[in-house]
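A.B. asks: What follows is a protein structure lacking sequence information:
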């Protein structure tokens, strides 16, 4: 697979497998962040896939309330708390400057959920710097998988509590 080292493949497999087993209790802690560059619209779309109960725990740790995100009992502050948590734990830089991500919304998917963000990009560069600390304050073994899609290529990166940031070459020079 171009852009993904073979030692990363087991983590990708585990991450995807855990997301697609509905109703399963997970003892592995993983999130998936997809970053897609849309050249025609000069935009960047960011989709984050994670477990809803982990988001509940993170928000409860900060605000003292279990928001029950993605359920019919979700606290009315749920979206605002998710938006704030993501803003505090994801930083994407293009050309050395942090990209402002607009929160679009979320979608429940069994025990997991998708969070959707987007940003306008004037010019897309060849290197994207990413810091992702989602749930690393909660779980020692949290893995955050990053996939960047640029034209017909994709590039991967795995971050954790001890390696919270990295660079991805988004296009060939």
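C.D. replies: All right, it came through fine. Quick caveat: nothing in here was measured; it's all calculated off a predicted structure.
A.B. asks: Please report how far residue 144 lies from residue 136.
C.D. replies: According to CB to CB, to the nearest Å, residue 144 stands 8 Å off from residue 136. For every residue, glycine as well, the C-beta is placed using N, CA and C.
A.B. asks: Which neighbours do these two have in common?
C.D. replies: Counting by CB atoms under 8 Å, 6 or more residues apart in numbering, the residues touching both residue 144 and residue 136 are residue 160.
A.B. asks: Now do the strands in the chain.
C.D. replies: 30-38, 43-51, 90-94, 97-98, 102-109, 112-120, 127-132, 143-150, 153-160, 165-169 (DSSP state E).
A.B. asks: What strands line up against the first one, and which way round?
C.D. replies: Pointing back at strand 30-38 there. According to DSSP bridges, strand 30-38 forms sheet pairs with strand 43-51 (antiparallel), strand 143-150 (parallel).
A.B. asks: picking that back up, look at residue 144 and residue 136 and report which has more neighbours.
C.D. replies: residue 144 (28 against 21; other CB atoms under 10 Å).
A.B. asks: Tell me how many other residues surround the nearest residue to residue 157 once chain neighbours are set aside.
C.D. replies: Nearest-residue entry for residue 157: residue 146, 4.3 Å, with adjacent residues in sequence omitted and distances by CB to CB, 6 or more residues apart in numbering. By the criterion of other CB under 10 Å, residue 146 has 23 neighbours.
A.B. asks: in the sheet, who's paired with residue 146?
C.D. replies: Counting by DSSP bridges, residue 146 forms beta bridges with residue 33, residue 157.
A.B. asks: one step back: how about JSON lines for the strands of the chain, with distance to residue 71 added?
C.D. replies: What follows is the strands of the chain, written out as JSON lines (distance: least, CB to CB, whole Å):
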{"stretch": "strand 30-38", "distance to residue 71": "19"}
{"stretch": "strand 43-51", "distance to residue 71": "13"}
{"stretch": "strand 90-94", "distance to residue 71": "23"}
{"stretch": "strand 97-98", "distance to residue 71": "32"}
{"stretch": "strand 102-109", "distance to residue 71": "7"}
{"stretch": "strand 112-120", "distance to residue 71": "10"}
{"stretch": "strand 127-132", "distance to residue 71": "25"}
{"stretch": "strand 143-150", "distance to residue 71": "24"}
{"stretch": "strand 153-160", "distance to residue 71": "28"}
{"stretch": "strand 165-169", "distance to residue 71": "32"}
